[in-house]
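sequence plus predicted model, see below.
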Amino acid sequence: MISRNPPIDTGMSVSFIASAVIHLAVFLLLVWWGQLFPPQMTIQETYYVDVVNLPTPNPQSGSSAQKPGKPGAEVSQPAPAPLMTAPPPSRTSLKTITKEVKQTPPPALAETEAGFNERMAKLERRAEARHEEAALEKMRKTVKNSGSPKIGVPGAGGAEAGSRYTDYIKSRLEDALKETISYSTKDPYVAVLLTIAADGTLSRIRIVQSSGDATFELAVRRAIDLAKEKFTAPPNRTAYENGFIFKPKGISKSSSR
Amino acid sequence: MGIITSAGIVVKLVLMLLLSFSVVSWGIILFKFFQVQRANGDSERFMDFFWKSKRFDAIASQVDRFANSPLTVLFNEGYKELKIVVETDSKSDGSALSTDLGGVENVSRALRRATNSEITRLEKYLTFLATTGSTSPFIGLFGTVWGIMTAFEGIGKTGSASLAVVAPGIAEALIATAIGLVAAIPAVMAYNHFQHKIRVLINEMDSFTTEFLNIVQRNIAGK
């Protein structure tokens, strides 16, 4: 008996289309907003402190706190640096440190203060020797590479304009990556094509290839953001483009234009 | 956007499901909004016209102007039934409804049936809004739980638990809950709003039914 046709239901499809358009618009707005204002993440530095390494005036006391009545010279001595052999605070180096620390035998319970001082002095001497050795090795390498034709872009002969600039950029990126490095897969890598404008500003970052480790990609992006502050203008005031492959061990140059 | 693209397949599926829920529920919200707006506007104008007119046949000829009002459906059904009753009584003994109140009962039944049909029409699709509002957060939560499980699995494999390793995985997982809430909150709000508006329309229909029956009964008693 009810003769009413539902003519309004035809508006349902229009509503769905409008809804889909609204969602698409919101999505595009978010993408545009994300590109306009990239998220600036502040990362809290995490320091790993191994209690075994802390100097104690008397190991028997079990505390690194200075005793109030004994302002001895041994307390103000620096931490035993020789154990910290690896320079960058990367994950692998931390593991090594922990292993080394665990392997050191625990101090004898009956050790005297004199014995402790002697041990500290020995450790200091060893640290100095290692530092000297490392510095010498570095100098030797510098001298060896100064005349090498392999510096710079492969095939560039080391004398062409841009090769030193590439090294400069690579060095800045390496320094920055040391600060931001973090990864969640075994052998992550990210190949990035960087374009630097004639005035030295980073004009484009393009990830060409990636192992798919989002954590490492983020670390690389942050490293580039950090390093770009130190970029200088390319030689001859021309735009510069080069590919860099980021790996946890460092950065290698992939291509040059 | 990288946070979505780098999420796992299950989290992506959950996000797609929630997105489709959101699209459909917003479609229903838009549709219901215009439907209720038109029904309210047309009902108001129809009631003005109804009280100004003195004859049912005059109203019946103009009723198409208020097609979106549920009250016009009630009027049409009541008037149609009234005409049938009058015609039947005229054919039977010619005394035309003088004492037979059974005809009023027929009209009342017709109006009740029309009211029910209009309530069903007005409440159509609202159940989807209720379903979206109640289930979307849970679907999102499922995506989050799954994402966090996967993130912890990855952390276990790499053996590192620094903030830089843990945070991206958890952020990817939490996006599912966020989208679930984005889909659910408007759906719940719209559901409550439309429930209120439809309740008002139902009250108007009840009042109109009473008024219509009063007029019919007064006329029958007057003859």
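Here it is on my side, so go on. Residues are numbered from 1 along each chain as shown, chains lettered A, B, ... in the order given.

flag every residue of chain B that's near chain A.
Contacts of chain B with chain A, taken as CB under 8 Å from any CB of the partner chain, map to B:1-2, B:6, B:19, B:22-24, B:26-31, B:34-35, B:38, B:67-68, B:73, B:76-77, B:80, B:110, B:113-114, B:117, B:121, B:125, B:154-155, B:158, B:160, B:162-165, B:168-169, B:172. Using the backbone N, CA and C atoms, a C-beta is placed for each residue, glycine as well.

which among the residues you listed count as buried?
The neighbour count (16 or more other CB atoms under 10 Å in any protein chain shown) marks B:6, B:22-24, B:26-31, B:35, B:38, B:68, B:73, B:76-77, B:80, B:110, B:114, B:117, B:121, B:125, B:154-155, B:158, B:160, B:162, B:164-165, B:168-169, B:172 as buried among the residues of chain B next to chain A.

strands along chain A, start to end?
A:190-196, A:202-210, A:240-247, A:250-256 (DSSP state E).

okay, now the nearest residue to B:Leu181 once chain neighbours are set aside: neighbour count?
Sequence neighbours aside, B:Pro137 is the residue nearest to B:Leu181 in space, at 5.9 Å (criterion: CB to CB, 6 or more residues apart in numbering or on different chains). Neighbour count for B:Pro137, taken as other CB atoms under 10 Å in any protein chain shown: 18.

close enough to count as contact, B:Ala187 and B:Thr127?
No - counting by CB atoms under 8 Å, B:Ala187 stays clear of B:Thr127, with 11.1 Å between them.

neighbour-wise, which of those two wins?
Each of B:Ala187 and B:Thr127 has its neighbours counted (other CB under 10 Å); B:Ala187 has more, 26 against 11.

does the more buried one count as helix, strand or coil?
Assigned by DSSP: H, G, I helix; E, B strand; the rest coil, the conformation of B:Ala187 is helix.

next one: it from A:Ala239, what distance?
Using CB to CB, to the nearest Å, one obtains 51 Å as the distance from B:Ala187 to A:Ala239.

B:Ala183 too?
46 Å.

neighbour count winner among these two?
Comparing B:Ala183 with A:Ala239 by other CB under 10 Å, the one with more neighbours is B:Ala183, at 26 against 13.

doesn't B:Phe21 make contact with that one?
Yes - applying CB under 8 Å as the test, B:Ala183 and B:Phe21 come out as touching, 5.0 Å apart.

where do the contact lists of those two overlap?
With contacts defined as CB atoms under 8 Å, 6 or more residues apart in numbering or on different chains, the residues adjacent to both B:Ala183 and B:Phe21 are B:Thr132, B:Ser136.

which stretches of chain B have low pLDDT?
B:1-4, B:6, B:89-102, B:160-162, B:164-165, B:221-223 (pLDDT under 70).

and A:Phe231, how many residues sit next to it?
21.

hmm, I typed the wrong one, I wanted B:Phe46.
By other CB under 10 Å, 25 other residues sit near B:Phe46.

could you do B:Gly180 as well?
27.

same check on B:Asn106?
15.

do the same with A:Asp175
So A:Asp175, with other CB under 10 Å, has 14 neighbours.

what about B:Phe208, helix or strand, and which?
Assigned by DSSP states H and E, B:Phe208 falls within helix B:163-222.

from the chain's centroid, how far away is that helix?
In terms of CA atoms, centre = their mean, to the nearest Å, the centre of helix B:163-222 is found 7 Å from the chain centre.

quick one: list the elements packing against it.
With contacts taken as 3 or more CB pairs under 8 Å, 6 or more residues apart in numbering or on different chains; DSSP states H and E, helix B:163-222 sits against helix A:214-227, helix B:2-5, helix B:9-52, helix B:70-92, helix B:102-123, helix B:126-158.

deepest-packed of those, please.
helix A:214-227 (a mean of 22; mean count of other CB atoms under 10 Å in any protein chain shown).

against which helices or strands is that helix packed?
helix A:163-180, strand A:190-196, strand A:202-210, strand A:240-247, helix B:163-222.

the second one near chain B at all?
Which is strand A:190-196. No - using CB under 8 Å from any CB, strand A:190-196 never reaches chain B; the gap is at least 12.8 Å.

and if you look at the third one?
No - judged by CB under 8 Å from any CB, strand A:202-210 and chain B are separated, with a smallest distance of 10.1 Å.

show me what contacts B:Trp26?
A:Ser19, A:Ile22, A:His23, B:Pro186.

how about the third one, what does it touch?
What it means is A:His23. B:Leu19, B:Ser22, B:Val23, B:Trp26.

farthest pair in the residues you listed?
B:Leu19 and B:Trp26 (10.7 Å; CB to CB).
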